[in-house]
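Chemist: Structure of the sequence below:
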Amino acid sequence: MDIAGRPHRVYVEEAGPRGEDAVPLLLLHTAGSDGRQWRDLLNDADITRHFRCIAFDMPWHGKSSPPAGWQEEDYRLTTRAYTGLVMAVARALRLDRPIVMGCSIGGRIVLDLAAEHAGELRGVIGLQGSAFTGSYYDLSVLHHPRIHGGEVCGAMVSGLIGPTAPEAAKWETLWHYMQGGPGVFRGDLHFYAEEGDLRGKLARIDTARCPVALLTGEFDYSCRPEDTRATAAAIPGARAVIMPGLGHFPMSENFAALKPHLLPVLEEMAARG
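Modeler: Predicted coordinates:
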């Protein structure tokens, strides 16, 4: 497919019905990882019974390679490029007003999608979503010739996982980070911690046209509960839910604990038609 004027190959997985009654649910993974984070949701019968669940790997991530010529450039994700990517994928798959749900960087970009593309969406859900974070550690260590990139990426996010996460799910989440391409996590955080400040756009979001729900785990020092509450308070009609026991990766670290909070939100958005 074409993304910003360049040919790309984008890897997509999906589960659930594809008929007219199925509600498209487009899933956005976190910085530095890939669509495997949605493995439990894609296997959940209560969700896939009514929702066409679609997870794709962003270019440079997972099974989506960088575009030709990548060796001559530094990967840096921006708000404009990220929103353009999501809408390009939705249009390429001919999705009719999908619900878009993302986590971390995905939980941030859904706010821009709601502000810029409300008429093309049924609603947005931000897991660990807030309008601004800022940089709270030296990002250069994530791409340094004397530091093992995969191991330092896993180490950086290990403290963001909630204490209730099952051991197997915790370490699988970290393994995905350890497999990221050189500099990709750093490039994603250019959006998350530097360029992607969306506080100025929140007043433009009309939740009557595009509902907004923000679900945040209580154990997260990256997107803190108070950050999510402040973001929701700046969007009239937005919903904020703080989830006990969960951390920064609720869909992969402990989907069973996320599901009771998520399913009612999905059903409510789907019922809007």
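
Chemist: in the stretch 1-150 of the chain, which spans are strands?
Modeler: 2-3, 6-7, 12-15, 23-28, 51-56, 99-103, 123-127 (DSSP state E, counting those that start in this stretch).

Chemist: Mind listing the strands the last one pairs with, and their directions?
Modeler: The reference is to strand 123-127. When pairing is defined by DSSP bridges, strand 123-127 lines up against strand 99-103 (parallel), strand 212-217 (parallel).

Chemist: Touching it from outside, list them.
Modeler: If you take C-beta atoms under 8 Å, 6 or more residues apart in numbering as the criterion, strand 123-127 is touched by 99-104, 106-108, 110-111, 113-114, 210-216, 228, 250-251, 258, 262, 265-266, 269, 272. C-beta coordinates here come from the backbone N, C-alpha and C atoms, glycine included.

Chemist: before we move on, what about the first one?
Modeler: By C-beta under 8 Å, 6+ apart, the surrounding residues in contact with strand 2-3 are 8, 10, 59, 67, 84, 85, 88.

Chemist: at 10 Å what do you get?
Modeler: Here strand 2-3 makes contact (C-beta atoms under 10 Å, 6 or more residues apart in numbering) with 8, 10, 58, 59, 67, 81, 84, 85, 88, 89, 92.

Chemist: From those, keep the buried residues only.
Modeler: Buried members of the contacts of strand 2-3, counted by 16 or more other C-beta atoms under 10 Å: 8, 10, 58, 59, 67, 81, 85, 88, 89.

Chemist: Which ones among those lie within helices?
Modeler: Counting by DSSP state H, those place 81, 85, 88, 89 in helices.

Chemist: Run a quick neighbour tally on the residue nearest to residue 241 when sequence neighbours are not counted.
Modeler: With C-beta to C-beta, 6 or more residues apart in numbering as the criterion, residue 241 has its nearest non-adjacent residue at 4.8 Å, and that residue is residue 215. By the criterion of other C-beta atoms under 10 Å, residue 215 has 24 neighbours.

Chemist: does residue 215 have beta-bridge partners, and which?
Modeler: residue 127, residue 241.

Chemist: Does residue 156 touch residue 139 like I think?
Modeler: Yes: under the criterion of C-beta atoms under 10 Å, residue 156 makes contact with residue 139 at 9.4 Å.

Chemist: what do those two both touch?
Modeler: Common neighbours of residue 156 and residue 139, using C-beta under 10 Å, 6+ apart, are 185, 189.

Chemist: Surely the residue nearest to residue 241 touches residue 130?
Modeler: No: if you go by C-beta under 10 Å, residue 215 and residue 130 don't touch, sitting 11.7 Å apart.

Chemist: Return every residue with contacts to both of these two.
Modeler: With C-beta under 10 Å, 6+ apart, residue 215 and residue 130 have common neighbours 107, 228, 240.

Chemist: give me the element the second one is part of.
Modeler: Mapping residue 228 onto the secondary structure by DSSP states H and E places it in helix 225-233.

Chemist: Packing partners of that helix?
Modeler: Packing contacts for helix 225-233, counted by 3 or more C-beta pairs under 10 Å, 6 or more residues apart in numbering; DSSP states H and E, involve helix 105-116, strand 123-127, strand 212-217, strand 239-243.

Chemist: what do you get if the cut-off is 8 Å, keeping everything else the same?
Modeler: strand 212-217, strand 239-243 (3 or more C-beta pairs under 8 Å, 6 or more residues apart in numbering; DSSP states H and E).

Chemist: and the angle from that helix to strand 212-217?
Modeler: Angle of helix 225-233 versus strand 212-217, following axes from the mean of the first three to the mean of the last three C-alpha atoms, to 10 degrees, is 170 degrees.

Chemist: Report the buried residues of helix 225-233.
Modeler: 225, 227, 228, 230, 231, 232.
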